[in-house]
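S.K.: Just to be clear, the model below is a prediction. Sequence and coordinates:
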Amino acid sequence: MLVTAESGPQESRVASSGGVTGAAAVVRSASAEILRILGDLIPAKSQCALVDFPNYPNVGDSAIWLGQRAFLKSVDAKIAYCCDLNTYSQSQMRKMIDGESIIVMQGGGNFGDIWHHHQRFREQVIRDFPNHRIVIFPHSILFKSADTLAQARQVIDGHGAVTILARDQRSLALARRSFASRSVLCPDMAFFLGTLRAPRRPSCEIVWLARTDAESLGYPLPPVTASLRHANWLQEGKWFSEARETLTGESGCLRQWWHQSYGPLLLAYDFLARMRVSYGLKLLSAGRCVITDMLHGFVLSLLMERPTVLLDNNYGKVNDYYSTWIKDCARTAWADSPEQALELAERFLQTDNR
């Protein structure tokens with residue numbers, strides 16, 4: 001279970017310039033900025049449909065989900081419908097929401113054509129509900145193909161009531177160049193979880209959480225030693241996969257129930273997300289310092305106030321976010337190579353030993 005040590009908005013802007021800023025202050029002010037921006041888009045006591053639950057192993061996307069849920073609870077929003085890619089039903093969603101309901105879409109890093117199945121799903125929902133306000137939670141945005149960008153533009157701008165939240169300046173600039181629809185800069189929703197307590201004491205010096213998917217730069221990793229461990233949070237055990245299939249109706253035995261009442265499905269989603277994030281926190285907290293090229297490896301380390309060295313993914317997403325919001329945060333460093341990352345991690349460790 002996640003344990004929140006400190007959360008809630010206390011400042012009006014994210015402190016990202018003008019000297020070194022502590023991790024807790026960055027987290028508090030990011031939460032405040034999220035509340036300020038989304039307060040106008042999703043008013044208190046709104047009825048919402050929350051779509052595209054990340055029903056897959058990536059811990060970071062589950063952290064985003066929990067941050068979104070924390071925000072919606074903070075404004076007393078009612079979730080009338082929820083779904084993932086496999087449980088979505090246009091007809092059932094129409095039955096569960098009314099004309100004033102706001103459709104809110106999962107944030108993350110799949111806005112574009114790298115993770116095309118999520119983009120196609122997003123566009124499908126926008127086409128299916130042309131008369132509802134739609135808010136897309138903060139994303140990194142990347143289109144490699146002019147054709148897929150043109151299709152997204154046609155769908156989104158053709159709707160007329162879509163707001164795109166971009167979580168870094170590059171994504172915001174791309175959104176404003178590419179879409180007539182409203183686009184707004186907003187921190188990643190995982191920050192709304194607030195500061196978190198580490199679930200265990202460190203058992204090694206460095207944990208290296210590296211990408212192994214389509215966004216990896218393919219850096220060679222240093223060998224495992226007594227002081228350095230590798231971590232991978234993109235895999236789940238068989239028991240967890242079976243539990244996920246049962247709880248979310250993938251196996252079929254609960255699918256009819258979910259179509260009658262979405263409260264239990266929302267509870268199942270929250271449970272799975274908490275389990276995944278708790279697993280990720282345990283992986284990261286094993287090290288006194290974290291090295292990672294995964295954006296939410298960094299975000300969760302920051303929420304635990306754990307010193308972190310960042311490397312980039314293969315299209316600059318990590319650096320985009322770091323440069324927009326985090327570059328002056330204490331005990332956070334940027335590295336351009338694995339060798340430099342190890343050197344910077346050693347500096348953090350030496351400083352802590354003084």
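M.R.: Done, it's in.
S.K.: Contacts only, for Leu267.
M.R.: For Leu267, the contact set (Cβ atoms under 8 Å, 6 or more residues apart in numbering) is empty. The way it works is simple: take the backbone N, C-alpha and C, and place the C-beta from them, glycine included.
S.K.: Quick check: what element follows the helix or strand that contains it along the chain?
M.R.: Assigned by DSSP states H and E, Leu267 falls within helix 263-285. For helix 263-285, the following helix or strand on the C-terminal side (DSSP H and E) is strand 287-292.
S.K.: pLDDT of the helix or strand where Thr351 lies, averaged?
M.R.: Assignment of secondary structure by DSSP H and E places Thr351 within helix 338-353. Helix 338-353 comes out with an average pLDDT of 92.
S.K.: contacts for it?
M.R.: 205-206, 219-222, 288-289, 291, 307, 309, 311, 331, 333, 335.
S.K.: Now, of those residues, which are buried?
M.R.: Glu205, Ile206, Tyr219, Arg288, Cys289, Ile291, Pro307, Val309, Leu311, Arg331, Ala333, Ala335 (16 or more other Cβ atoms under 10 Å).
S.K.: can you name the two of those that are farthest apart?
M.R.: Maximum pairwise distance among the buried ones among the contacts of helix 338-353 (Cβ to Cβ): 22.2 Å, between Tyr219 and Arg331.
S.K.: circling back to that earlier point, pick out the most distant pair among the contacts of helix 338-353.
M.R.: Pro220 and Arg331 (26.0 Å).
S.K.: ok, back up a step: from the buried ones among the contacts of helix 338-353, which single one is nearest Asn58?
M.R.: Of all the buried ones among the contacts of helix 338-353, Asn58 sits closest to Leu311, with 17.6 Å by Cβ to Cβ.
S.K.: need the contact list for the closest one.
M.R.: Counting by Cβ under 8 Å, 6+ apart, Leu311 makes contact with Leu217, Tyr219, Ile291, Thr292, Asp293, Val318, Ala335, Asp336, Ser337, Pro338, Ala341.
S.K.: The second one touches Thr292, doesn't it?
M.R.: What that stands for is Tyr219. No. Applying Cβ atoms under 8 Å, one finds Tyr219 not in contact with Thr292, separated by 11.1 Å.
S.K.: how about stretch 337-354: buried residues?
M.R.: Residues of stretch 337-354 classed as buried: Pro338, Ala341, Leu342, Leu344, Ala345, Phe348, Leu349 (neighbour count, 16+ other Cβ under 10 Å).
S.K.: circling back to that earlier point, looking at the buried ones among the contacts of helix 338-353, which is nearest Ser89?
M.R.: Leu311 (40.6 Å).
S.K.: Distance to Ser181 for the contacts of Leu311 - can I get that in a markdown table?
M.R.: Below are those laid out as a markdown table (distance: Cβ to Cβ, whole Å):
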| residue | distance to Ser181 |
| --- | --- |
| Leu217 | 32 |
| Tyr219 | 37 |
| Ile291 | 38 |
| Thr292 | 33 |
| Asp293 | 31 |
| Val318 | 26 |
| Ala335 | 36 |
| Asp336 | 35 |
| Ser337 | 39 |
| Pro338 | 40 |
| Ala341 | 38 |
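S.K.: ok, so of the contacts of helix 338-353, who is nearest Ile37?
M.R.: Closest to Ile37, out of all of these and judged by Cβ to Cβ, is Arg331, at 26.8 Å.
S.K.: Give me the phi and psi angles of that closest one.
M.R.: Backbone torsions for Arg331, taken as degrees, to the nearest 10, come to phi 60, psi 30.
S.K.: So the most centrally placed residue in the chain: helix, strand or coil?
M.R.: Centroid-nearest residue in the chain: Ile64, 3.3 Å away (criterion: Cα atoms, centre = their mean). With DSSP: H, G, I helix; E, B strand; the rest coil as the basis, Ile64 sits in helix.
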